[in-house]
Each structure stands twice: as structure tokens, then as C-alpha cells.
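> sharing a model prediction with you, sequence too.
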Amino acid sequence: MRIEAVELHRIAMPLVRPFETSFGRQSARDVLLVHLLGDEGEGWGECVAMEHPLYSSEYVQGCSELIEHYLAPRLLGAPDIAAEGLGELFGGIIGHRMSKAAVEAALLDAQLRAAGLSFGEYLGAARSEVDCGVSVGIARDIPSLLEEVAGYVDEGYRRIKLKIKPGWDLEPVAAVRELIGPQMLLQVDANTAYTAADIEHLGRLDAFDLLLIEQPFVEEDIATHVSLARAIATPVCLDESIVNVDVAVDAIERGATSVVNIKPGRVGGYLEAVRIHDACGELDVPVWCGGMLETGIGRAANVALAALPNFTLPGDTSASKRYFAEDLTEPFELVDGRLAVPTGPGTGVTVRTGLVRDRASRPPVVLA
Ligand SMILES: CC(=O)N[C@@H](Cc1ccc2ccccc2c1)C(=O)O
Ligand SMILES: [Mg+2]
């Protein structure tokens, strides 16, 4: 396909409730959307970067500028380009995986719509709906946490994930385990907030029969995750650390992780995400689809990915209303704790362009 124009849209999406993690508290999502117009059709991709570089080094304004000055010129200069060719086209540019992933997603959407193929068909979905979990932020107090968790259990979520940090871990986990009973799947996510000095303390989470503990230490510190995995019974799961398939295989072989959270935006795109899925499958390591508070645009593609065979654990692909009162697409709604994989061409959802225009926090950047 030849790309004739690249549009960058910045949308302010208020959250239905503040979302607090070990790296801060958000009450709105600053979303960057990539809209590609090509000679065979158009496509939309969502950048998962946050407004500030708190989860990883990328942030929305940086991604917008990187796409504008480095990725869009290469796209517009290519006589014929497909998503499978972006690795080479962008090869000289180091890092900036979330920016590259947003462009890849938009190009995949465009080319699959033109081909009449859905993301699920293209990526290799093995099922028509996916089991959904929910990520629960750090709350102001235990009663508020339990009220929020009880609501999600009532909605039918198949797994509860609690954000933890030093000073907010054993007590909330114990209270939630008490509330939901011994059968319900429960896991925690520290978003890198702990250090090696906390290993003994983290071992006390073994009392709560957790599915996994997600990314207790910083992204680069594979070694301390190995030490933790040897010291505790709860399986260790990496998120921030897993930036590509080679790092994933290395971390697994070193014993740093026995479950992997796959996020297409974090690893540079859906094609790399499938490579990680496949490699983990070869190593008998289960994977699940992480979330970055995506709108329906990114959510649609993630739900298709989460339908691949080795995605055997509920992901953070929650319903639209977990985060947004009004989504940029038709809302994803939980049915029996599951979301249906879209079957239409491309992502299978329709972008509400009027809402994109109304919610824009600045004029779109249009490159042609
Ligand atoms: C669902 C979940 O817990 N996601 C991330 C953390 C996270 C938290 C807050 C965010 C706000 C804006 C954009 C991305 C964000 C990602 C995680 O698994 O670690
Ligand atoms: Mg995480």
C-alpha cells in the first residue's frame, strides 16, 4: 500500500475513576492516535504511551514528535509498504517501540481492511471470545478497595489484579483474598516499586495463593527477579522488562519469569507480540494480554491477539466501561466474564470520528 497521509490525533479521555499505581495517579488518559490514509484504504492505530514517562521512557508528546519527524517521512516516502516491512523501514531508528507499534497497528488495520481480513484471522486467533481480568488501582483505604473489587466480581471478571507498592501490599491482598474466596484468580502488579531488600517481605504474599506477582523490580534488573523466583512460591511475571522476543527468551531461560504479560505497544507491535507468544509457547510459558488503558481502537486489536492459543490466562482486556464512560468505538462489553473477538475486517470496530474531533486536545498533525 502507498501511504498518502499520516494524521496524528491527541484525544483527552477522562477516566471513570482515578487509577493509582506505584508510579502515580491518573484521572484522564492523554491518547495519541495514528490515522493512515493509503491508496488502498485507511487505518487507525493507538499509541499506548502515557502522558509522562512513568511506566517506561516513552511519553505521548515524545511519541508524537518521533512519529512526525522519523516514522511518517519514511512511510510517506515508501512507494509500497506493508506492516511486515516496517521492521526494515524503521530499522535504523533505535527504540521508540510504542511509537513504532502505533504506526504498525494503523498500517495493519488499513491493509487488513483492504484485504477483508480481521486481526483475529490474520494473527491466528483460536477462539471467538477471550477471558477477561481487571486491574484495580491503589485505593484510599481498604473499604473503598473492597467496594470496587466487589463491583468487578459482580460484573463477572474472571481474575482480579491489584496494584501494590511498599506500604500497600499484604493488607489489601489479604482483605481481597478474604472477600473473593479461595477459588477466584488473584494476582498483583508492583510496577517496579520494590528492591532486592524486599524479597523476604514479598515472600509473605505466598500466603494468599496468588496466580503471579508482576514486575516487582525495575525493567533492567533480570537478576533480582531470578533471586525472587528462587525465594518465593508465587510465580514471577514480567511486564516492563519484556521489550522483545530475545529478552523474553533470555528472562525465561534464566528463571526470571514463568508467566509473561504481552503488550503489543511495549514490544514494538503486534508482529513482535506474536513472536513472543510463539516463543513462550515453545517454552511452555503461559502468556496473557496486558492493558494500557486503551480505547476501543487498541482494545479491539488486543482482544484479537488475546485469542491466540497460548494466551491461557485472563488478560487486562477489560470492558470499555472499566475506564471510559464513552469510548471512541462501539463499547466492548463483558459477557460471562469474556469479550468477543471482533470479526469485521481490520480491527473490526468503527472509529467515532466525530468524537475524536470533539475530544481533540489540540489540532491534528497532518503529514502528506
Ligand atoms: C491495566 C494496567 O495495570 N496497566 C499497566 C499499568 C498502567 C497504569 C496506568 C496507565 C495509565 C495510562 C496509560 C497506561 C497505563 C498503564 C500495567 O499492567 O502495568
Ligand atoms: Mg504491569
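Received it, and whenever you're ready, just let me know what you need. Residues are numbered from 1 along each chain as shown. Ligands and ions are numbered 1, 2, ... in the order given.
> quick one: the helices in the stretch 201-350 of the chain?
For the stretch 201-350 of the chain, applying DSSP state H, counting those that start in this stretch gives helices covering 222-231, 245-253, 264-267, 270-282, 296-305.
> could you export the ones you listed as JSON lines, including mean neighbour count, mean pLDDT and distance to ligand 1?
Yep, even glycine has a C-beta here, placed from its N, CA and C like the rest. Output for those, formatted as JSON lines (neighbours: other Cβ atoms under 10 Å; pLDDT from 0 to 100; distance: least, Cβ to the nearest ligand atom, whole Å):
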{"stretch": "helix 222-231", "mean neighbour count": "17", "mean pLDDT": "98", "distance to ligand 1": "15"}
{"stretch": "helix 245-253", "mean neighbour count": "17", "mean pLDDT": "98", "distance to ligand 1": "16"}
{"stretch": "helix 264-267", "mean neighbour count": "28", "mean pLDDT": "98", "distance to ligand 1": "9"}
{"stretch": "helix 270-282", "mean neighbour count": "20", "mean pLDDT": "98", "distance to ligand 1": "15"}
{"stretch": "helix 296-305", "mean neighbour count": "29", "mean pLDDT": "98", "distance to ligand 1": "10"}
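> doesn't Lys161 lie inside a strand?
Yes: according to DSSP: H, G, I helix; E, B strand; the rest coil, the state of Lys161 is that of a strand.
> how about the residues of this structure near ligand 1?
19, 21, 26, 29, 50, 55, 135, 189, 191, 239, 290-293, 316 (Cβ under 6 Å from any ligand atom).
> any idea which of those residues is closest to ligand 2?
Nearest to ligand 2, judged by Cβ to the ion, of these is Asp239 at 3.5 Å.
> surely the closest one and Val188 touch.
No: here Asp239 lies out of contact with Val188, judged by Cβ atoms under 8 Å, at a distance of 11.7 Å.
> give the intersection of the neighbour lists for these two.
Glu214 (Cβ atoms under 8 Å, 6 or more residues apart in numbering).
> the helices of the stretch 201-350 of the chain: which one's closest to ligand 2?
Here helix 264-267 is closest among these (Cβ to the ion), at 9.3 Å.
> of the residues of the chain next to ligand 1, closest to Lys100?
Nearest to Lys100 among the residues of the chain next to ligand 1: Met292, at 14.9 Å, using Cβ to Cβ.
> what is the burial count for the closest residue in space to the closest one that isn't next to it in sequence?
Distance criterion Cβ to Cβ, 6 or more residues apart in numbering; nearest residue to Met292, sequence neighbours excluded, is Val48 at 3.6 Å. Using other Cβ atoms under 10 Å, Val48 has 27 neighbouring residues.
> how far away is Val48 from ligand 2?
12 Å (Cβ to the ion, to the nearest Å).
> do the same with Asp327
Taking Cβ to the ion, one finds Asp327 at 22 Å from ligand 2.
> swap in Leu328?
Applying Cβ to the ion to Leu328 and ligand 2 gives a distance of 23 Å.
> list the contacts for the closest residue to that residue other than its chain neighbours?
Using Cβ to Cβ, 6+ apart and skipping the chain neighbours, the partner closest in space to Leu328 is Thr295 (4.3 Å). By Cβ under 8 Å, 6+ apart, the residues touching Thr295 are Ile11, Met13, Arg29, Val31, Glu46, Ser320, Phe324, Asp327, Leu328, Thr329.
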